[in-house]
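Asker: give me the fold of what follows.
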Amino acid sequence: MQTQIDRPSNSLAPIRDEDFRFSQARHLLLRAGFGGTEDQINLLAEWGPERAVDHLIHFDEIPSEPDARDAFDHDIMRPLSDSEQRTLRQARRSRNEAIVEQFQKKRMAAQRTDRAQMREIQQWWLTRMIQTPKPLEEKLTLFWHGHFATGYRTIEDSYHMYAQNRMFRANALGNFGNLLTNIIRDPAMLRYLNNNQNRKSDPNENLAREIMELFSLGEGNYTESDIKNGARALTGYTYDDDAFSFEMDNHDQTIKRILGVSGNLDGDGFVSAILRSRACPAFIATKLYRFFVADVPMDIKEMPPASRQFIAKLADQIARANYELKPVVRKMLLSQHFYDESVMKNKIKSPAELVVGAVRSLNTPTRDLRVLVEAMTQMGQSLFAPPSVKGWDGGRAWISTATMFTRQNTLVYLLTGRLPTGFNPIGMAQSFDARPLVRSLNNPARTDTPTRAHIASDLLRAVLDDRDESLAKRIADATESEKRSADDPRTLTEMLALITALPQYQLC
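Answerer: Purely as a prediction, here's the structure:
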């Protein structure tokens with residue numbers, strides 16, 4: 001039985017300055033970003049908790065290149081023009097198979113081009129996560145992508161996926177109500193959940209159901225009647241090419257009752273009814289907690305008491321802030337509970353966190369982005385292609401025999417450029433030197449080369465915040481070679497390969 005002293009904290013009160021050291025700064029940078037170098041972590045520790053959190057939270061004050069609307073081709077999957085539609089209809093009526101086949105071939109060619117652009121967009125986002133000076137912005141963009149999960153394979157329009165990604169980023173730490181208002185107008189989501197087929201004569205319930213079940217309230221907090229009336233409120237919400245379109249003729253303008261609110265409700269009225277529900281702040285608090293703090297069950301009854309109590313306090317903050325997320329996330333990242341020993345080093349890294357974090361913290365080359373994107377897919381996280389509208393399960397679902405094999409091979413690839421499948425010329429063209437990671441090698445006062453065990457100890461601390469000297473000795477012994485000195489770059493890379501293969505490296 002736990003005593004009062006060792007029981008996990010559920011406090012939303014801020015961590016004390018004196019309790020915020022290297023370990024806590026590292027934890028913050030891993031959870032609110034993708035990790036960082038030892039120097040970056042030390043700087044945050046020196047700043048203290050408030051300045052460190054505010055630096056991450058106020059990313060809107062950091063100048064950077066905005067996403068350009070024309071960065072990718074928006075016309076690949078354009079709809080047929082009026083004249084093209086007339087030509088195709090006429091060809092079908094007259095059974096002119098040659099013209100119909102031309103249209104089919106043109107469509108297939110566009111789909112191939114669009115799939116190629118989707119791969120480019122995946123690489124673009126991965127590059128952005130690696131290079132961004134605003135790690136929390138990208139981490140939140142990843143969070144919303146998993147929350148409002150939309151898959152490219154269903155919508156088959158890469159530009160719509162890119163536009164949705166830009167929308168998530170623009171609202172990353174804004175108001176949750178605005179996100180809901182945007183998502184019911186988002187072409188990718190409208191297509192993904194078939195709301196473009198939602199008409200007053202034949203209501204489609206997909207979007208209304210998933211908004212309540214997966215995006216805002218959770219199971220048990222709405223009725224089938226709420227779904228049916230929500231679907232009616234969303235009738236006529238569709239898109240035209242790349243833009244939202246409201247078709248009044250297809251919109252049900254009769255009285256609806258949703259979550260206790262009655263009236264001639266449209267999509268905005270549906271969102272307002274959801275935001276009035278007491279279940280909404282608790283649901284969003286739970287989703288934020290699971291992503292940033294701990295992998296707990298969605299069912300509040302199955303959660304550890306400290307998590308359940310903390311989420312209740314966080315939900316109260318969301319309601320008080322009228323769904324403004326910045327003050328809520330700030331409070332969460334500063335809280336004593338966020339830095340509790342039961343929370344730190346106890347969350348399994350997603351493939352994105354593993355890959356992006358390795359490059360950002362170890363300063364490895366990115367090598368071939370195509371290889372990294374494919375490796376993430378094999379690890380279970382294909383960007384822009386979550387497995388279902390539920391998004392990724394996360395947690396222990398990230399780990400299996402197959403994914404562990406890929407995880408280790410990917411880290412070896414980043415460190416060495418070598419793939420188990422053979423030679424990769426792009427990957428091998430970039431070299432990596434681990435010596436900057438070793439404090440003792442960069443000490444200007446040193447007069448001789450540190451021992452192999454000392455170097456392994458430095459690497460363990462820099463990479464894992466681990467001070468286990470017996471583990472450092474085992475790593476040193478495993479990389480011992482009469483042909484190479486202790487500070488040989490190849491030796492250091494071998495040590496890092498062993499460290500990144502440790503179970504501890506899979507956690508953040």
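
Asker: CA atoms for contacts and neighbours, from now on please.
Answerer: Will do.

Asker: longest single helix anywhere in the protein?
Answerer: What stands out as the longest helix in the chain, according to DSSP state H, is helix 97-131.

Asker: now that one: buried residues?
Answerer: 100, 103, 110-111, 114-115, 117-123, 125-126, 129-130 (16 or more other C-alpha atoms under 10 Å).

Asker: now find how far off-centre it is within its chain.
Answerer: Centre-to-centre, helix 97-131 and its host chain are 23 Å apart (C-alpha atoms, centre = their mean, to the nearest Å).

Asker: gap between the residue sitting furthest away from the middle of the chain and residue 311?
Answerer: The centre of the chain is farthest from one residue, residue 94, which by C-alpha atoms, centre = their mean lies 50.5 Å away. According to C-alpha to C-alpha, to the nearest Å, residue 94 stands 64 Å off from residue 311.

Asker: now do the longest helix of the chain: which elements does it pack against?
Answerer: On a contact count with 3 or more C-alpha pairs under 8 Å, 6 or more residues apart in numbering; DSSP states H and E, helix 97-131 meets helix 82-93, helix 135-147, helix 158-170, helix 351-362, helix 369-378.

Asker: do you know which of those lies nearest residue 76?
Answerer: Comparison of the helices and strands packed on helix 97-131 against residue 76 by C-alpha to C-alpha identifies helix 158-170 as nearest, at 8.3 Å.

Asker: can you get me the start-to-end distance on stretch 429-449?
Answerer: Start-to-end span of stretch 429-449 (C-alpha to C-alpha) is 29 Å.

Asker: cool, and stretch 238-255?
Answerer: End-to-end distance for stretch 238-255: 21 Å, by C-alpha to C-alpha.

Asker: between whichever helix or strand residue 454 is part of and helix 351-362, how many degrees?
Answerer: For residue 454, the host element (DSSP states H and E) is helix 452-464. If you take axes from the mean of the first three to the mean of the last three C-alpha atoms, to 10 degrees, helix 452-464 sits at 130 degrees to helix 351-362.

Asker: average pLDDT for helix 452-464?
Answerer: Per-residue pLDDT over helix 452-464 has a mean of 95.

Asker: repeat for stretch 187-200
Answerer: If you average the pLDDT over stretch 187-200, you get 98.

Asker: and the residue nearest the centre of this structure?
Answerer: residue 142 (2.3 Å).

Asker: my guess is residue 180 meets residue 271, correct?
Answerer: Yes - contact criterion C-alpha atoms under 8 Å: residue 180 and residue 271 qualify, at 6.7 Å.

Asker: contacts for the helix or strand bottoming out on mean pLDDT in the chain next, please.
Answerer: Counting by mean pLDDT, DSSP states H and E, the chain has its least confident helix or strand at helix 425-428, which shows a mean of 80. The contact list for helix 425-428, computed with C-alpha atoms under 8 Å, 6 or more residues apart in numbering, reads 367-368, 413, 416-418.

Asker: farthest pair within those?
Answerer: Within those, 368 and 416 form the most distant pair, 12.1 Å apart (C-alpha to C-alpha).

Asker: how about the strands in the stretch 401-508 of the chain?
Answerer: Secondary structure of the stretch 401-508 of the chain, counting by DSSP state E, counting those that start in this stretch: no strands present.

Asker: so, low pLDDT: which residues of it?
Answerer: The stretch 401-508 of the chain contains residues with pLDDT under 70 at 423, 447.

Asker: so what's residue 388 up against?
Answerer: Taking C-alpha under 8 Å, 6+ apart, we find residue 388 in contact with 149-151.

Asker: out of those residues, who's the most crowded?
Answerer: Neighbour count (other C-alpha atoms under 10 Å) singles out residue 150 as the most crowded of these, with 26 neighbours.

Asker: was I right about that one contacting residue 382?
Answerer: No - the pair residue 150 / residue 382 is not scored as a contact, 11.6 Å apart, by C-alpha under 8 Å.

Asker: and residue 480, how many neighbours does it have?
Answerer: Residues contacting residue 480 under the criterion other C-alpha under 10 Å number 17.

Asker: and it, what is it in contact with?
Answerer: 452, 486, 491.

Asker: in CSV: those, plus distance to residue 55.
Answerer: Converted to CSV, these look like this (distance: C-alpha to C-alpha, whole Å):
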residue, distance to residue 55
452, 37
486, 38
491, 36
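
Asker: of these, which is the nearest to residue 36?
Answerer: Nearest to residue 36 among those is residue 491, at 22.5 Å by C-alpha to C-alpha.

Asker: quick one on the thing from earlier: could you dump the contacts of residue 388 into TSV with distance to residue 436, pLDDT and secondary structure added?
Answerer: Shown next, in TSV, are the contacts of residue 388 (distance: C-alpha to C-alpha, whole Å; pLDDT from 0 to 100; DSSP: H, G, I helix; E, B strand; the rest coil):
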residue	distance to residue 436	pLDDT	secondary structure
149	39	98	coil
150	41	98	coil
151	40	98	coil
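
Asker: quick check, pLDDT for the closest residue to residue 214 other than its chain neighbours.
Answerer: Leaving out its chain neighbours, the residue that sits closest to residue 214 by C-alpha to C-alpha, 6 or more residues apart in numbering is residue 390, at 6.6 Å. Listed pLDDT for residue 390 reads 96.

Asker: neighbours around residue 390, how many?
Answerer: When counting by other C-alpha under 10 Å, one arrives at 16 neighbours for residue 390.

Asker: that one touches residue 150, doesn't it?
Answerer: No - with contact defined as C-alpha under 8 Å, residue 390 does not count as touching residue 150 (9.1 Å).

Asker: contacting residues around residue 127?
Answerer: So residue 127 contacts residue 369 (C-alpha under 8 Å, 6+ apart).

Asker: roughly how far does it sit from residue 64?
Answerer: For residue 127, the distance to residue 64 - C-alpha to C-alpha - is 14 Å.

Asker: host element of residue 313?
Answerer: Taking DSSP H and E as the criterion, residue 313 maps to helix 305-320.

Asker: neighbouring contacts of that helix?
Answerer: Contacts to helix 305-320, defined as C-alpha under 8 Å, 6+ apart, come from residues 8-12, 281-286, 289, 296, 300, 324-325, 328, 332, 337.

Asker: at 7 Å what do you get?
Answerer: For helix 305-320, contacts defined as C-alpha atoms under 7 Å, 6 or more residues apart in numbering pick out 8-12, 281-282, 285-286, 300, 324, 328.

Asker: in helices, which of those fall?
Answerer: 281-282, 285-286, 328.

Asker: closest to residue 398 out of these?
Answerer: Of the ones in helices among the contacts of helix 305-320, the one sitting nearest to residue 398 (C-alpha to C-alpha) turns out to be residue 286, at 19.6 Å.

Asker: and the closest one, how many neighbours does it have?
Answerer: Residues near residue 286, counting by other C-alpha under 10 Å: 25.

Asker: who touches it in this structure?
Answerer: 298, 311.

Asker: and what of residue 45?
Answerer: Residue 45 sits in contact with 20-22, 25, where contact means C-alpha under 7 Å, 6+ apart.

Asker: could you rerun that using 8 Å?
Answerer: With contact set as C-alpha under 8 Å, 6+ apart, residue 45 has these partners: 20-22, 24-25, 52.

Asker: filter those down to just the ones in helices.
Answerer: If you go by DSSP H, those have 22, 24-25, 52 in helices.

Asker: which non-adjacent residue is nearest residue 207?
Answerer: Nearest to residue 207 is residue 193, by C-alpha to C-alpha, 6+ apart, at 5.4 Å.
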